[in-house]
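J.: I would like to see how this sequence folds:
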Amino acid sequence: MPQKKPFVTLAQARAIAAEIPTPFHLYDEAGIRANARKVNAAFSWNKGFKEYFAVKATPNPYILKILQEEGCGVDCSSYTELLMSEACGFTGSDIMFSSNVTPAEDYKLASDLNTIINFDDITHLDFYDKVVGDWKETMSCRFNPGGLFKVTTDIMDNPGDAKYGMTEAQITEAYKILKAKGAKNFGIHAFLASNTVTNEYYPLLAKVLFELAVKLKKETGADIKFINLSGG
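T.: Okay, the predicted model is just below:
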C-alpha cells in the first residue's frame with residue numbers, strides 16, 4: 001500500500017500555530033477538491049449522478065463552498081444546516097433534507113427552500129401536511145428493510161434494530177399518499193450500515209434499492225427518478 005503522507009509538514013504546522021491561536025482545524029483544500037473530482041469522475045457514466053455531502057459531517061461553510069464549486073449538493077438534517085446551506089448558495093434540488101425527529105419549523109424552511117424532502121417515517125407525512133401542506137412534485141422516502149444487512153459473511157449492521165426508515169409496506173403506502181397529494185417524481189433513500197470500509201457495501205445496497213424500485217413502480221405506478229445510496 002502507498003504510504004499516506006500529511007499534506008502539511010511539521011515545520012509548516014508549527015509556523016501556522018505560531019500565528020493562529022490553537023486549537024484549530026487545518027483542511028487540505030487541494031485534497032478535498034481532488035477527492036470530489038474523483039467521485040464525480042467515477043460516476044460520470046451516469047448523467048443524473050450528484051454527490052450530496054452530509055453537512056453534519058463537517059458543518060463548515062468554507063468546505064461547503066468548495067464542494068459546491070466542485071458540483072456537489074448537500075444533505076441536511078436540521079434547521080441550522082438548512083440555514084448554512086442557504087447562506088452558501090445551495091437551493092432547490094441541490095439540497096436533500098433527511099431528518100428523523102423533525103420540528104415544524106424545519107419542514108417549513110425545507111419547503112421554502114424547495115429542497116428534496118426525504119420522509120423518514122410514514123407518520124411524518126401527516127405531520128408535514130398539517131404544519132406545511134405545500135406538497136412538492138418531487139418527494140423521497142427512507143427505506144428500512146429490517147433484519148440483518150450482511151456483506152459477505154460479516155454482519156455490517158442490523159437495520160431491524162433501527163427506528164429510522166419505513167418498511168416495504170409503509171413505503172408503498174407512503175408513495176400512494178404522496179401521489180394523491182400531487183407528487184410526480186419519487187426518490188428512495190436508505191442508510192443500512194455505519195463505518196463500512198468494504199467495497200461490497202454499495203453494490204449490495206444498490207441491489208436492494210433497485211429491486212425495491214421495480215416493486216414500487218409496479219404496485220404504485222410511481223415515477224421513480226432517483227435512488228439515494230446514502231453514506232455508510
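
J.: now the strands for the chain?
T.: 52-54, 73-76, 95-98, 116-119, 138-142, 149-151, 154-157, 185-189, 224-228 (DSSP state E).

J.: which strands and helices sit next to the last one?
T.: The helices and strands touching strand 224-228, judged by 3 or more C-beta pairs under 8 Å, 6 or more residues apart in numbering; DSSP states H and E, are strand 138-142, strand 185-189, helix 201-220. Yep, even glycine has a C-beta here, placed from its N, CA and C like the rest.

J.: can you tell me what sits against the longest one?
T.: The set of residues that contact helix 201-220 without belonging to it, under C-beta atoms under 8 Å, 6 or more residues apart in numbering, is 143, 145, 149, 151, 156, 168, 171-172, 175-176, 179, 186, 188, 190, 192-193, 222-224, 227, 229-230, 232.

J.: if we can go back for a sec, highest mean neighbour count out of the helices and strands packed on strand 224-228?
T.: Of the helices and strands packed on strand 224-228, the one with the most neighbours on average (mean count of other C-beta atoms under 10 Å) is strand 138-142, at a mean of 24.

J.: which of the helices and strands in the protein ranks last by mean pLDDT?
T.: The weakest-scoring helix or strand in the chain, judged by mean pLDDT, DSSP states H and E, is strand 154-157 (a mean of 50).

J.: so, low pLDDT: which residues of the chain?
T.: Along the chain, segments meeting pLDDT under 70 span 1, 147-163, 194-195, 232.

J.: switch to 50 and redo it
T.: 153, 155-156, 158-161 (pLDDT under 50).

J.: burial measure for S230, as a count.
T.: 20 (other C-beta atoms under 10 Å).

J.: circling back to that earlier point, pipe the helices and strands packed on strand 224-228 into a markdown table and attach distance to F53 per row.
T.: Converted to a markdown table, the helices and strands packed on strand 224-228 look like this (distance: least, C-beta to C-beta, whole Å):
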| stretch | distance to F53 |
| --- | --- |
| strand 138-142 | 17 |
| strand 185-189 | 15 |
| helix 201-220 | 17 |
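
J.: sorry, back to before: need the strands of the chain in TSV with distance to A15, can you?
T.: Output for those, formatted as TSV (distance: least, C-beta to C-beta, whole Å):
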stretch	distance to A15
strand 52-54	30
strand 73-76	33
strand 95-98	38
strand 116-119	44
strand 138-142	46
strand 149-151	44
strand 154-157	43
strand 185-189	44
strand 224-228	42
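
J.: quick one, which of the ones you listed gets closest to L67.
T.: Nearest to L67, of all the strands of the chain, is strand 52-54, at 5.1 Å by C-beta to C-beta.

J.: neighbouring contacts of that closest one?
T.: Residues from elsewhere that reach strand 52-54 (C-beta under 8 Å, 6+ apart): L64, L67, C72, G73, V74, D75, S77, M96, N228, G231.

J.: ok, now with 6 Å
T.: Residues outside strand 52-54 that contact it (C-beta atoms under 6 Å, 6 or more residues apart in numbering): L67, C72, G73, V74, D75, M96.

J.: what about the fifth one, neighbour count?
T.: Spelled out, it's D75. 25.

J.: contacts only, for it.
T.: With contact taken as C-beta under 6 Å, 6+ apart, D75 is in contact with Y52, A54, M96.

J.: sorry, back to before: from the contacts of helix 201-220, which would you call buried?
T.: Among the contacts of helix 201-220, those scoring as buried are 143, 145, 149, 151, 156, 171-172, 175, 179, 186, 188, 190, 192-193, 222, 224, 227, 229-230, 232 (criterion: 16 or more other C-beta atoms under 10 Å).
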